[in-house]
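>>> coordinates for the following, if possible.
(2 chains)
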There are 2 protein chains.
Amino acid sequence: MGFNSLNTPSRTIMTPGPVEVDPRVLRAMSTPILGQFDPAFTKLMNEVMEMIRQVFQTKNRWAFPIDGTSRAGNEALLASIIEPGDKVFVPIYGRFGHLLVEICERYGADVYSIQCPWGEVFDPDVVIAEMAKISPKVVAIVHGETSTGRMQPLEKIGKACREQDAILVVDAVASIGGVEVKTDDWFIDGLIGGTQKCLSVPAGMAPITFNERIEKLILERKKVEAGIATAEDEQYQRSRMAIASNYFDLAMLMDYWSPRRLNHHTEATSMVYGLYEGLRLVLEEGLKPRFIRHLLHEKALVTGIQAMGLKLYGDSEHKLPCVTCIEIPAGVDGESVRKMLLKEFSIEIASSFGPLQGKIWRIGTMGYSCRKENVLAVLGGLEAVLIRHEVQVNRGEALQAAMDIYAAEESAMTIL
Amino acid sequence: MGFNSLNTPSRTIMTPGPVEVDPRVLRAMSTPILGQFDPAFTKLMNEVMEMIRQVFQTKNRWAFPIDGTSRAGNEALLASIIEPGDKVFVPIYGRFGHLLVEICERYGADVYSIQCPWGEVFDPDVVIAEMAKISPKVVAIVHGETSTGRMQPLEKIGKACREQDAILVVDAVASIGGVEVKTDDWFIDGLIGGTQKCLSVPAGMAPITFNERIEKLILERKKVEAGIATAEDEQYQRSRMAIASNYFDLAMLMDYWSPRRLNHHTEATSMVYGLYEGLRLVLEEGLKPRFIRHLLHEKALVTGIQAMGLKLYGDSEHKLPCVTCIEIPAGVDGESVRKMLLKEFSIEIASSFGPLQGKIWRIGTMGYSCRKENVLAVLGGLEAVLIRHEVQVNRGEALQAAMDIYAAEESAMTIL
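Modelled structure (predicted):
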């Protein structure tokens, strides 16, 4: 059986990840590789660390990617700080809150969780009051919940965690690079970002950062016997201790991502290239202008969806700007619509998980996918496909409404 | 602080990994991405599975990459089958045997190990006799040990494992795609390959395969309560059970890499593209011709090194063909030689770990790096740098000897 050279269709990807990758990032990924200890490569690793700090708005020393997909970042942070029996508090408002619970349980935590209805977020005071009752060592929470398209305000919770001496770990996989994420100002101790969403780098890496509070926890846990002969002996000693995973052991990863450069894994060169270029493009655009761009395209999309006569899902006050959830009209087969959109228009939108499966569609406006032509394409395509599915829509209104938003924006920019 | 667009030097990479990536693989990696559930992408995932089977010489149903570097593959296989207290037997003949021990210990195994001197391998009968005393549930061993450049014969050990009802897990990270690895014929139950060595794909994925014996172990361990409502509930139930890691849980990864396509992580699209193209090029070249190519360049390199007057390290009978270890002459600073080779000739060779640090250099002839011009470049460069370090060498002999090997080969091929 023979295999042909790679031959993939061209898609307009409007899911909440993975999203289209900037061609400049793809080109960077096709650069010939370097050895992992080549000074030219370790310099690049340092630059990636600095760019993560800037995008994550932190002064933390530790900021580097885990070589795995986003949940590998969650697991690395949680596995490295949780000891069996530790109290962890997880407020759940969607699918990825459940994932945090699951990871913590696997590593032996005593997990306390509260839930609010999907489509909503928590009143921070409710979280803080619950926390006071539990006195957890760690609070783990999602910032942007892709499954429901909501965003949890974190600053007040972060402050309370610091006051109550709890470690705050935040999954910002879906929000980083698309909306404001202020690691330091919000008192976040450990934060995980995603590449394949608003950073528009392919999946396969999880940039994380953590502060000295977490560093202290990890190093205390892995205290090394005195009189160790060499750095390698020391690493080996520590390795035999508490953390269940070798791959996700942040103590070892700190030794690798610091001037010590102690060998752990072989760094994923081409993914580092992609992340380097993706972060560079974020900083070149500027964080504020990038967030404003995400808001503009969200507005055009939302206005178009509503003009079509469709209903948005969820609490509008806490909508995640880069994910728009739409209620599937009664009697419509949501999967049939998605399939036709892919087959006829080569446009991909997403369904959702668990209780929301079959109830909503999710459209992402993230990173490089967050462009005018993409928003207009998905509105036009969706309307045509809905008409084929005999759904009553306000024909032709969606694109007009969205174009009006863009025209208003452009004329405002002309005045400036 | 501004960052420039990626600007990397051109290198001749002659380490035992990561090695140069075929330009065709790099081009494949710059292909625009697809959504993870796009039918065009899931088709590609199936093709990658089939190509892994062919390259790994197995009929196993389960053959897919773990989204992490090579040791992620080791950890996924071991974490998914080892329960706390399980007896695991690890014969150690270099650095990566110690890694297997470490991973098994972290997951709670009761590890028994034996060691032979670095630079040698085990007499299979010694391993088998020891195994009979221990009655381990799992035997874990390295096939090609990059740290020492040795290769352990496995067939006899594999047969004994089957007879004694032990599960055999093999780390073939350094050998797969460069030398014969017969998963099924050698009775290997689980096997981990590396991308960044003889497959010449960047680091960041670990293709693995495992048979029904391992599948049975995993599924028995994660037995699901009866009366589960949906596939997602079932997955969630199972997730709460025994395996410590979510990311490395092979039961979940089987659900993701099978027609069920239950969401786990977001597959690393561009790495899948790279792996697809890398495996395709291996099959296009053919396994046998590829192994013969690796032997030819090894022969040219070894002949050249010896002609120069340098000494090879280790038991020659069990040399790993794609890694050549050279004793650093007495009084020579090995790191200074490596640095000058990189600085003046832009050629990278490797040092080694632990007891061999400062004692040997390691030169890889792997995958795309395993080419005539690269072998000649490293011989020529090394000789010049050694002369600068005032080492007595037979001037000019290395390149003549290597060119003679190539000329003989070419004339033999002309006759054919």
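
>>> who's in contact with residue A:350?
A:15-16, A:338, A:361-364 (CB atoms under 8 Å, 6 or more residues apart in numbering or on different chains). In short, each C-beta sits where N, CA and C put it, glycine included.

>>> sorry, wrong one. I was asking about residue A:383.
Shown in contact with residue A:383 (CB under 8 Å, 6+ apart): A:308, A:393, A:395-396, A:398-399.

>>> would you put the C-alpha positions of the one helix or strand it maps to in PDB?
With secondary structure defined by DSSP states H and E, residue A:383 is part of helix A:372-388. Output of helix A:372-388 as PDB, limited to C-alpha atoms (Å, rounded to 0.1, in the frame of the first residue of the first chain):
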ATOM      1  CA  LYS A 372     -12.900  40.100   8.400                       C
ATOM      2  CA  GLU A 373     -13.100  37.700   5.400                       C
ATOM      3  CA  ASN A 374     -13.400  34.800   7.800                       C
ATOM      4  CA  VAL A 375     -16.300  36.400   9.800                       C
ATOM      5  CA  LEU A 376     -18.100  37.300   6.600                       C
ATOM      6  CA  ALA A 377     -17.500  33.800   5.100                       C
ATOM      7  CA  VAL A 378     -19.000  32.000   8.100                       C
ATOM      8  CA  LEU A 379     -22.000  34.400   8.300                       C
ATOM      9  CA  GLY A 380     -22.700  33.900   4.600                       C
ATOM     10  CA  GLY A 381     -22.200  30.200   4.600                       C
ATOM     11  CA  LEU A 382     -24.200  29.600   7.800                       C
ATOM     12  CA  GLU A 383     -27.200  31.500   6.400                       C
ATOM     13  CA  ALA A 384     -27.100  29.600   3.100                       C
ATOM     14  CA  VAL A 385     -26.900  26.200   4.900                       C
ATOM     15  CA  LEU A 386     -29.700  27.100   7.400                       C
ATOM     16  CA  ILE A 387     -31.900  28.000   4.400                       C
ATOM     17  CA  ARG A 388     -31.100  24.600   3.000                       C
END
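
>>> which element follows that helix toward the C-terminus?
Following helix A:372-388 toward the C-terminus (DSSP H and E): helix A:397-415.

>>> buried ones in that following helix, by neighbour count?
A:397-399, A:401-403, A:405-406, A:409 (16 or more other CB atoms under 10 Å in any protein chain shown).

>>> show me what it is packed up against.
Secondary-structure packing of helix A:397-415 (3 or more CB pairs under 8 Å, 6 or more residues apart in numbering or on different chains; DSSP states H and E): helix A:287-308, helix A:372-388.

>>> need those in a markdown table (columns: mean pLDDT).
Output for the helices and strands packed on helix A:397-415, formatted as a markdown table (pLDDT from 0 to 100):
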| stretch | mean pLDDT |
| --- | --- |
| helix A:287-308 | 98 |
| helix A:372-388 | 98 |
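
>>> list the buried residues of the helix or strand harbouring residue A:159.
According to DSSP H and E, residue A:159 maps onto helix A:155-163. For helix A:155-163, burial by neighbour count (16+ other CB under 10 Å) applies to A:157-158, A:160-161.

>>> next secondary structure after the worst-scoring helix or strand of chain A on mean pLDDT?
Within chain A, no helix or strand scores below helix A:231-239, which has a mean of 57 by mean pLDDT, DSSP states H and E. Next along the chain after helix A:231-239, taking DSSP H and E as the criterion, comes helix A:250-256.

>>> that next one packs against which elements?
Using 3+ CB pairs under 8 Å, 6+ apart: helix A:250-256 touches strand A:62-66, helix A:70-81, helix A:212-221, helix A:231-239.

>>> now it - C-alpha only, CSV.
Output of helix A:250-256 as CSV, limited to C-alpha atoms (Å, rounded to 0.1, in the frame of the first residue of the first chain):
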residue,chain,number,x,y,z
LEU,A,250,8.8,21.0,36.8
ALA,A,251,11.8,20.8,39.1
MET,A,252,13.6,19.0,36.2
LEU,A,253,12.2,21.3,33.6
MET,A,254,13.5,24.3,35.6
ASP,A,255,17.0,22.7,35.4
TYR,A,256,16.6,22.4,31.7
